[in-house]
Structure formats: structure tokens, C-alpha cells
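Colleague: Test case, fold it:
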Amino acid sequence: MKVLTVFILALLWDVLLGEPPTLVHPVVWFGKLAGFIDGRWRRRGPLPDFLAGTLTALIVLAFALVLSLLPLYLPFPMNYALAAYLLKSSFAVRSLHEHVSMTVTADIGKKRKAVSMIVSRETKGLDEPHLNSASIESLAENLNDSVIAPLFYFLLFSLPGALLYRAANTLDAMLGYRNEHYEYFGKFSARFDDLLNFLPARLAVLLYLPLGGDRVLHYYRLARFKINSDKPIAAMSAVLGVWLEKPGVYRFPGREPANSDIERALRIYWLVVAEWLIIVSILLVTGVCPCLNR
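Modeller: Numbering: from 1, shown residues only. Model (predicted):
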């Protein structure tokens, strides 16, 4: 199959149709499979929990790999249709914009509810500036997780790379918490996701450079709080000139984020997405990556 054709079909699906129905969404399947095993494993101690969590992750990753290889065994045009569908399920350009745009409201109650849908932190006690910050942070972090990283691994390893990344990211979102229940069971998932995001998170910062120049590099040097997730957030903070803060975890300097800054962040989002899609398209057309010629 021609990977450029698959990419174009997947991108058209995303722009025109958005997310696939929940019932047939591969990412939902990854989550349900991980949740099914997690719910049936009684915690037994550090080593057994780590081994069980690692096995859970490997089962989900193996399932993702099998799904990604299915198009190879189908005739034309079913192979292209399934490959495009699976690739589209690994990234989410349109839906990310839609979810974040819902937080642009003067109604604090509606804003709090909308923000709670896109962040894992508790939003009940957050004031308006911190709700605005949380929305922008989510946009910046998910720009990496939901757009840049899956297509980065698509460039390197074609469809299996994109789908395996999405499975790993889903595992981290479900199991990668540092609490008593998941400290050991989710450790492999968390560390594997850290490994996969190391390069894409820094690539994301480079994509912000044309928009913020040296200021982006300065904020990048301030991002020493997390391994990966704070890097794209630092870059967004630099370009917007507003402070972004997760209390007790990180804070980047700037003026107080207003409602209008979420709208500005969405415009920046589309500029960075456009940069990345152009780069991906050029690499696919030229066949620079060896794996794309297979």
C-alpha cells in the first residue's frame, strides 16, 4: 500500500468526520482491554503487581500490533479503507480543537465542566485563570500526544508505529498513576510512554520556534518538572506570554491567562498542526524515511 494515500485518507476522515463511533474505536478497545484485566487483578505486592501490569501492557500492545497488520491481508480497496481508519484512530486533530473550544465561555460553571472533561486534575476548586491555564495546558500536551507523536511513529514504522504509540499512550492514561493502586501495576505503562514521548515532545518545541523564537528556548530550559509533558506546555506558554501552572507541579511565567488566550492558543495550535502536516507530507512524498519505502 502507498502510505501517502493512507495518510491523506486518514486526514480527510479526521477533518470531515471526526472521531469514529465509540463502539468501533480502536482506542476505546485498548482502554477496555486494559481495564478488564486491571479490574480482575487483586493487588498482591510490588513485584507481582509490576509483572501483572507489564503483562497487561504487552497484551494490549500485541492487540494493537495485530490490528495494524490486518490491512496487509485484505484485498484492494478494503486494505486502504481499514488502514486509513486505523491510522485516523491514532490521531485526533479536529476533536482536540472541538473539546478545547468548549472551554471558551464566560460562564464559570460551564467552563469548569468543560475543563473537567479534558484534564485529570480536580477542577472544582480552580479559579477562572487556573481553569484557563488547565485548558491551554491540555491543548499543548495533547497536541503532542494526539497529533505529533502518533504521526512521528507513523513516519518511522508506518501504521504499526502509530497504533502501538496510541495503545501505549492509552495505557499510560489509564494505568500510569503514582498512587497506591497503580504505583507498581502501572509502572511499565508509564515508563514506556515516557520513552516513546521523549523525542516527539522535544520535536513539538521545535515546531513552536517560528512562532516564539528565543523565548521558546528560554522557557524550554525552565521545563525541568517532568520528563516530557511540560516541554510542549512551556513552548505554548512562551508563545502566548501567559503563565501556565499545575499547582504543586510546575509554573511558567507570564501574565494571567484570560478567556481570550484560549482562543489564541487554538490559533497557535492550528499553525503548529499545519507545520507538522506539511513536514509529514513532504517526508511521505520524498520517501526520506527508509521504512516508508517498504
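
Colleague: what's the model's confidence in the helix or strand that contains Leu67, averaged?
Modeller: Remark: Leu67 resides in helix 46-69, with elements defined by DSSP states H and E. Here helix 46-69 scores 97 as its mean pLDDT.

Colleague: Which strands or helices does it pack on?
Modeller: Using 3 or more CB pairs under 8 Å, 6 or more residues apart in numbering; DSSP states H and E as the contact test, the elements touching helix 46-69 are helix 26-40, helix 149-175, helix 187-212. For glycine as for every other residue, the C-beta is placed from the backbone atoms N, C-alpha and C.

Colleague: Make a markdown table from these and add mean neighbour count and distance to Leu131 to it.
Modeller: Shown next, in a markdown table, are the helices and strands packed on helix 46-69 (neighbours: other CB atoms under 10 Å; distance: least, CB to CB, whole Å):
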| stretch | mean neighbour count | distance to Leu131 |
| --- | --- | --- |
| helix 26-40 | 17 | 26 |
| helix 149-175 | 24 | 21 |
| helix 187-212 | 20 | 23 |
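
Colleague: nearest to Glu256, of the ones you listed?
Modeller: helix 187-212 (18.8 Å; CB to CB).

Colleague: who does that closest one touch, helix- and strand-wise?
Modeller: Judged by 3+ CB pairs under 8 Å, 6+ apart, helix 187-212 is in contact with helix 46-69, helix 149-175, helix 214-222, helix 230-240, helix 259-286.

Colleague: Would you tell me which one of the ones you listed is buried the most?
Modeller: Scoring the helices and strands packed on helix 187-212 by mean neighbour count under mean count of other CB atoms under 10 Å gives helix 230-240 as the most buried, with a mean of 28.

Colleague: which secondary structure elements does that helix contact?
Modeller: By 3+ CB pairs under 8 Å, 6+ apart, helix 230-240 packs against helix 128-143, helix 187-212, helix 214-222, strand 244-246, strand 250-252, helix 259-286.

Colleague: Please determine how far Asn132 is located from Leu143.
Modeller: Applying CB to CB, to the nearest Å, the value for Asn132 to Leu143 is 17 Å.

Colleague: scratch that, Ile37
Modeller: 30 Å.

Colleague: same question, Ala167
Modeller: Relative to Leu143, and taking CB to CB, Ala167 is found at 19 Å.
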